[in-house]
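Colleague: I need the structure of the sequence given here:
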Amino acid sequence: MSTNVISQQSRYWIGVVSSSHVKRGVLGGFAQLCHGKSAPLRRMCPSDWLIYYSPQTDMSKGEKLQAFTAIGQVADDRVYEYQMSESFVPFRRNIRYIPCREVKIADLMDQLTFTRGNRNWGYTFRYGHFEIGFEDFLTIAGSMLGAAETSNIFPSSLN
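Modeller: I've put the predicted structure just below:
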């Protein structure tokens, strides 16, 4: 995974999407955020990282999940439209996903700066896409990927 190395210019993002939609994105190698809007995708740059958080299993009638469900790196500069139906043409962005395990946010609440000691931690997630710091990214990624994969992606100087 030498292409998936963090650079000093990388930024780190959370996207909020149901796990069923995350699975479609991972299989297709794309990100789609905020009901298909282009603005969140345009905020990201090649070499940035995206972690998906899934509050539910499905968008409308899904079961509560509250877990980080996928992680990947923005692959290129391209934000493009994709016709899903006659009436729905969302924007997408190519992402290189890395195989990972699902991690419940409850397991990391006390370690993340955007949730630690915050009774209303879920409010931030309502935006659908937000930036996180490097330390929070490392905490989540380390839990999702495990030590072996994490050491392949993150140079030792950043650990």
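
Colleague: For this structure, which segments count as helices?
Modeller: 19-28, 39-43, 134-153 (DSSP state H).

Colleague: Direction included, what does the longest strand seen in the chain pair up with?
Modeller: Across the chain, the longest stretch assigned as strand under DSSP state E is strand 64-81. Partner strands for strand 64-81, per DSSP bridges, with pairing direction: strand 49-56 (antiparallel), strand 91-98 (antiparallel), strand 103-104 (antiparallel).

Colleague: deepest of the ones you listed, which one?
Modeller: With neighbours taken as mean count of other CB atoms under 10 Å, the strands paired with strand 64-81 reach their highest mean count in strand 49-56, at a mean of 23. For the C-beta atoms, the positions are set from N, CA and C on the backbone; glycine is no exception.

Colleague: close enough to count as contact, S19 and K64?
Modeller: No. Counting by CB atoms under 8 Å, K64 is not a contact partner of S19; they are 10.9 Å apart.

Colleague: Could you export stretch 120-130 as PDB, CA atoms only?
Modeller: The C-alpha trace of stretch 120-130 is given here as PDB (Å, rounded to 0.1, in the frame of the first residue of the first chain):
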ATOM      1  CA  ASN A 120     -23.600  16.600  22.600                       C
ATOM      2  CA  TRP A 121     -20.900  14.900  20.600                       C
ATOM      3  CA  GLY A 122     -23.400  13.800  17.900                       C
ATOM      4  CA  TYR A 123     -24.200  17.300  16.900                       C
ATOM      5  CA  THR A 124     -21.000  17.700  14.800                       C
ATOM      6  CA  PHE A 125     -22.000  14.600  12.800                       C
ATOM      7  CA  ARG A 126     -25.300  16.300  11.700                       C
ATOM      8  CA  TYR A 127     -23.200  18.400   9.200                       C
ATOM      9  CA  GLY A 128     -22.500  15.200   7.200                       C
ATOM     10  CA  HIS A 129     -18.900  16.000   6.600                       C
ATOM     11  CA  PHE A 130     -16.300  17.600   8.800                       C
END
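
Colleague: what comes up buried for it?
Modeller: Across stretch 120-130, burial judged by 16 or more other CB atoms under 10 Å covers F125, H129, F130.

Colleague: Out of those, which is nearest to M84?
Modeller: The shortest approach to M84 among the buried residues of stretch 120-130 belongs to H129, at 19.1 Å (CB to CB).

Colleague: Contacts only, for the spatially most central residue of the chain.
Modeller: Most central in the chain under CA atoms, centre = their mean is I51, positioned 1.8 Å from the mean C-alpha point. Applying CB atoms under 8 Å, 6 or more residues apart in numbering, we find I51 in contact with Y12, W13, I14, G15, F68, A70, I71, I132, F137, I140, A141, M144.
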